[in-house]
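> Based on what follows, work out the 3D shape:
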Amino acid sequence: MRDQIRIFTGTGNPALAKAICDHLKIPVSKADISRFSNENIFVQVRENVRERDVFVVQPLSSPVSENLLELLIMLDALRSASARRITAVIPYYSYARSDKKDMPRISIAGRLIADLLVTAGANRILTMTLHSEQVQGFFRCQADHLAATPILCDYFGSLDLKNCVALAGDAGSARRAGPYATRLNIPLAFVDKRRVSDEKVEIRAIVGEVEGKTILYFDDEIARATSLLKTVELLRDFGVGDIYVGVTHGIFTGDAIERIEDSPIRQVVVTDTVPMPPRKRCDKVVQLSVAPLFAEAIRRIHTGESVSEIFE
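Purely as a prediction, here's the structure:
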């Protein structure tokens, strides 16, 4: 495998790419990425990839447009270098939020970006916890969709919490939170929520028994934490116990970290699909690595084994 596989990284999350390679016991492949004085991105692959199985690790996290364009140019460079198969490993696919035409005269950007990736040279996509699962069908190539469920559940299981209930962020997320409840063998509840805009959320009720329970709130991502903190306010009215939060993508835009620090939340557990700079770290936030999951998925893709069996 070491002679045939190559794993490259953009500047979006090189630490995760290094951790993936460490699990596979191979080095990160070499590529030069720089900017010209006119801000154009320059990519040069520094290793032979002819007829090799190549993977490029790059989340669409901040700065999203820079990371996206960098990924597209890397894919095109690898295709020009005659790679046999190119897999875009996108731990966080931010444009999955744009999955439908819910307002007049807008773009379904999730589909547009999927088309651009294939046009640039991606033969396969490997991603994790899409905001909308139907986005997997946007890709005109094979797309594998991983979940952080085993990583998060193993952590919460190690805390030995009592009298817990899994809480989904909304009715649509109840299906996503179901595997957490099943794996932890706890009941499931969900929030009756309406999103009015990107920054405004209307929360109506909690569906399920939560009084006196330890809450494990599960969602796909935290950005401004508006929805999360409104839910926490409502939960206090229901007389719940401690509140823990588990999400795959910790984006933490604006003053999200400060607001979480000032909230009754005991702990927020996220993964390293996106990097977490020092200014976004605090005692309440725990970051777990999904490198083992991505490493195993990459190994299975390379050898032709089933990726879905990872979660069985």
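
> Next one: Val285 relative to Met276, how far apart?
Distance from Val285 to Met276, counting by Cβ to Cβ, to the nearest Å: 8 Å. (Glycine included, C-beta is placed from N, CA and C.)

> meant to ask about Gly246, not that
15 Å.

> Comparing those two, which residue is more hemmed in?
Gly246 (25 against 18; other Cβ atoms under 10 Å).

> Just to check, the more buried one is in contact with Phe218?
Yes: using Cβ atoms under 8 Å, Gly246 is in contact with Phe218, at 5.1 Å.

> Could you tell me which residues touch both of those two?
Jointly contacting Gly246 and Phe218 under the rule Cβ atoms under 8 Å, 6 or more residues apart in numbering are 152, 180.

> burial measure for Ile222, as a count.
For Ile222, using other Cβ under 10 Å, the count is 25.

> give me the beta-bridge partners of it?
Assessed by DSSP bridges, Ile222 has beta-bridge partners Gly250.

> For it, list the residues it contacts.
Counting by Cβ under 8 Å, 6+ apart, Ile222 has contacts 228, 245, 247, 249-252, 256, 268, 270.

> Then Ala31?
Neighbours of Ala31 in contact, by Cβ under 8 Å, 6+ apart: 8, 43-47, 74, 77.

> do you know how far it is from Ala148?
Taken as Cβ to Cβ, the span from Ala31 to Ala148 is 27 Å.

> Hmm, Arg50 and Ser82 touching each other?
Yes: at 4.4 Å, Ser82 counts as touching Arg50 under the criterion of Cβ under 8 Å.

> Looking at the two, which one has more neighbours?
Ser82 (11 against 8).

> how about the more buried one, what does it touch?
So Ser82 contacts 49-51 (Cβ under 8 Å, 6+ apart).

> show me what contacts the closest residue to Asn48 other than its chain neighbours?
Using Cβ to Cβ, 6 or more residues apart in numbering and skipping residues adjacent in sequence, the residue nearest Asn48 is Ala81, 7.9 Å away. When the contact criterion is Cβ under 8 Å, 6+ apart, the partners of Ala81 are 45, 48-50.

> Show me which of these is closest to Val89.
For the contacts of Ala81, the residue nearest Val89 by Cβ to Cβ is Val49; the value is 15.2 Å.

> For the nearest residue in space to that closest one that is not next to it in sequence, give the beta-bridge partners.
Residue nearest to Val49 in three dimensions, not counting chain neighbours: Ala83, with 4.4 Å by Cβ to Cβ, 6+ apart. Following DSSP bridges, Ala83 is listed with bridge partners Arg50.

> I'd like to know how many residues surround Ala83.
Around Ala83 there are 25 residues (other Cβ under 10 Å).

> where in the protein is pLDDT low?
Residue ranges of the chain with pLDDT under 70: 1-3, 194-203.

> In it, which residue is most central in space?
Tyr92 (3.8 Å; Cα atoms, centre = their mean).

> sec struct for it, please.
coil (DSSP: H, G, I helix; E, B strand; the rest coil).

> Can you tell me the element the closest residue to it other than its chain neighbours falls in?
Nearest residue to Tyr92, sequence neighbours excluded (Cβ to Cβ, 6+ apart): Pro59, at 4.0 Å. Assigning secondary structure by DSSP states H and E places Pro59 outside every helix and strand.

> Show me the domain layout of the protein.
According to automatic domain parsing, the chain comprises the domains 5-147+291-311, 149-288.

> which residues touch Ala171?
Applying Cβ under 8 Å, 6+ apart, we find Ala171 in contact with 190-193, 207.

> Out of these, which end up buried?
190-191, 193 (16 or more other Cβ atoms under 10 Å).

> What is the nearest of those to Ser37?
Lowest distance from Ser37 to the buried ones among the contacts of Ala171 (Cβ to Cβ) belongs to Lys193, with 47.2 Å.
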